[in-house]
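1. have a look; sequence and predicted model below, questions after that.
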Amino acid sequence: MAKIFVTRQIPGDSLENLKKDGNEVLVSEFNRSITPEELLEKATGVDGLLTLLTDRIDGDLMDAIGPQLKVISNYAVGFDNINVKEASDRGIVVTNTPCDEVNEAVAEHTWALILALTRRVVESDEFVRQEGYFAGKGGYTGWEPGLFLGMNLIGKTLGIVGLGRIGTMVARRAQGYSMNVVYNKHSRDTECEEKMGVKFCELDQLLSESDVVTLHVPLNDETRHMINKETLGKMKRGAFLVNTARGAVVSEPDLIDALKNGQLFGAGLDVFDNEPNISKDLIAMPNVILTPHIASATHEARNKMGELAVSAIMETLKGTNPVNIVNKEVWEKRRK
């Protein structure tokens, strides 16, 4: 029998499977992110830990939980909240939850932001309701030829930074809008180029040619603040930026400056550099669409994530190599 702690209740009924084989399962009673102190109190002595992106897991916490900790299953595709190296050094397995359900959901949300930005949907809605930026400014008085002019997508260029699973799904949807698609990644994807007609180019060229730039890269030392004053200055003037990847990929002060000086016409952000704290400048801008890190928030995606997170713990504890292991090199020297 193993002892497992889940840092927050998750959608669906997948957690019930953790109780199989007589496992002792404790789920945080708080309907919020758990504090480090609460996490330590609840997780001390557990064999398995099911975490969320909001949980910061470092070597000190792993040591405090105890030498019996065998697996950390992250209920997310990303895992920058976990110090994977320190987990590996201790023989602790780390897993995540990538799946088509999540990838498709994020791709769909990316397109929701693209369409809402280029056709100024959120601005128009607030204008009609006289809410937000447009509160007390007169409101809708009738059709006008120059009211909230947007941009047609047909024939425009979409720049995808990071053509992985999600980026590829975004590119596939761009075909329906007859857009030209350029992409940048470490290595060319010739298969995708042949199937969808996308074009590889260096980042500087992508930024200068694209009417819409969308980010789909993981957060690491190379990508942290890769969108900054210099790279924003290379973008086509009046372009749009969409980020459904990780907040810290973008330098928010530099983005705010680019929006204020007209270098960018608008931005759609689902993630932020210091979540959940969001810049007041971004909140005040009518040409910025902000969503609360919900790109993968569909019933289908969340249920699959729960299923994968739970199965990873169960498999590891039974001695079966889990499908979505992050630190594959640790398996043969893992804690048992």
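-> Alright, I've got the coordinates. Numbering: from 1, shown residues only.

2. what residue spans form the domains of this protein?
-> Dividing the chain into domains by automatic domain parsing, as the record does, gives the ranges 3-98+299-333, 151-286.

3. right, and the ones you listed - which one's nearest residue 106?
-> Distances from residue 106 to each of the domains of the chain were compared using C-beta to C-beta; the shortest belongs to domain 151-286, at 5.0 Å. Using the backbone N, CA and C atoms, a C-beta is placed for each residue, glycine as well.

4. state the pLDDT value of the closest residue to residue 132 other than its chain neighbours.
-> In space, and not counting its chain neighbours, residue 132 is closest to residue 126: 4.2 Å by C-beta to C-beta, 6 or more residues apart in numbering. Taken from the predicted model, the pLDDT recorded for residue 126 is 93.

5. do the same with the one 4 residues further on
-> The per-residue pLDDT reported for residue 130 equals 92.

6. tell me the contacts of the residue lying closest to it once chain neighbours are set aside?
-> For residue 130, the nearest residue in space outside its immediate sequence neighbours is residue 139; the separation is 4.4 Å by C-beta to C-beta, 6+ apart. By C-beta atoms under 8 Å, 6 or more residues apart in numbering, the contact set of residue 139 is 127-128, 130.

7. one step back: figure out which of the domains of the chain is closest to residue 114.
-> Ranked by C-beta to C-beta, the member of those that lies closest to residue 114 is domain 151-286, at 5.8 Å.

8. out of the contacts of residue 139, list just those in helices.
-> With DSSP state H as the criterion, helices contain 127-128 from among the contacts of residue 139.

9. list only buried entries from the contacts of residue 139.
-> For the contacts of residue 139, burial is judged from neighbour counts taken by 16 or more other C-beta atoms under 10 Å, and it is met by residue 127.

10. now render the contacts of residue 139 as TSV, adding distance to residue 334.
-> Compiled in TSV, the contacts of residue 139 are given as follows (distance: C-beta to C-beta, whole Å):
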residue	distance to residue 334
127	57
128	58
130	59
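
11. of the contacts of residue 139, closest to residue 259?
-> For these, the minimum distance to residue 259 (C-beta to C-beta) is 18.7 Å, reached by residue 127.

12. ok, now which ones touch that closest one?
-> Residues counted as contacts of residue 127 (C-beta under 8 Å, 6+ apart) are 134, 139-140, 148.

13. most neighbours, which of those residues?
-> Comparing these by number of neighbours (other C-beta atoms under 10 Å), residue 134 comes first, having 18 neighbours.

14. what's the most distant pair in the contacts of residue 127?
-> For the contacts of residue 127, the farthest-apart pair by C-beta to C-beta is 139 and 148; their separation is 13.1 Å.

15. among the contacts of residue 127, which are in strands?
-> With DSSP state E as the criterion, strands contain none of the contacts of residue 127.

16. may I see those organised as CSV, with pLDDT and distance to residue 277 added?
-> Rendered in CSV, the data for these read as follows (pLDDT from 0 to 100; distance: C-beta to C-beta, whole Å):
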residue, pLDDT, distance to residue 277
134, 89, 25
139, 84, 32
140, 90, 34
148, 95, 30
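
17. just these: which are in helices?
-> When the contacts of residue 127 are checked against helices using DSSP H, none is located there.

18. turn those into JSON lines, including distance to residue 216.
-> Converted to JSON lines, the contacts of residue 127 look like this (distance: C-beta to C-beta, whole Å):
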{"residue": "134", "distance to residue 216": "32"}
{"residue": "139", "distance to residue 216": "38"}
{"residue": "140", "distance to residue 216": "36"}
{"residue": "148", "distance to residue 216": "28"}
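
19. for the protein, just list every one of the strands.
-> When secondary structure is read from DSSP E, the chain shows strands at 3-6, 24-27, 48-51, 71-74, 93-95, 157-161, 180-184, 199-200, 212-215, 239-243, 264-269, 288-290.
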